[in-house]
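Engineer: next one to model:
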Amino acid sequence: MSAERPGPMEMFEHDRSCDWSFVSPPWFLRPGPRTGAYRTTIRELPLEDDVPAGISVADLPVAIADEAERRKFVHAHWSAARDIAVTSRTGISVSR
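Structural biologist: Numbering: from 1, shown residues only. Purely as a prediction, here's the structure:
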């Protein structure tokens, strides 16, 4: 983003006048069942054994709704991920 136009995170990063939470999806956002199982990271890309992690499109909204209720990440940039099958760069499917 340019200096004249800050991105969404920069607009709120130091603002404590309101409660905010900024969620970024993990690298892989895939179709899959809702499990309700996920882990969270703050200010970093979720990884599984040095490989970018993922989450199902059904579980990401669960993580967001849980955060809205629990309010663990007020004034924080966070992400959620869980073990899902990921295809590596070599084309080999890895089940995590």
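Engineer: in what helix or strand does the most centrally placed residue in the chain lie?
Structural biologist: For the chain, the residue nearest the mean C-alpha position is residue 79 (2.3 Å; Cα atoms, centre = their mean). Under the criterion DSSP states H and E, the helix or strand holding residue 79 is strand 76-81.
Engineer: now residue 22
Structural biologist: In this structure, residue 22 is located in strand 21-23 according to DSSP H and E.
Engineer: can you give me the buried ones in the helix or strand that comes right after that strand?
Structural biologist: Beyond strand 21-23 in the direction of the C-terminus, DSSP H and E gives the next helix or strand as strand 28-30. Neighbour counts using 16 or more other Cβ atoms under 10 Å place residue 28 of strand 28-30 among the buried residues. From N, CA and C alone the C-beta is placed, and that goes for glycine too.
Engineer: what does stretch 48-68 give?
Structural biologist: Residues of stretch 48-68 classed as buried: 48, 53-56, 59-60, 62-63, 67 (neighbour count, 16+ other Cβ under 10 Å).
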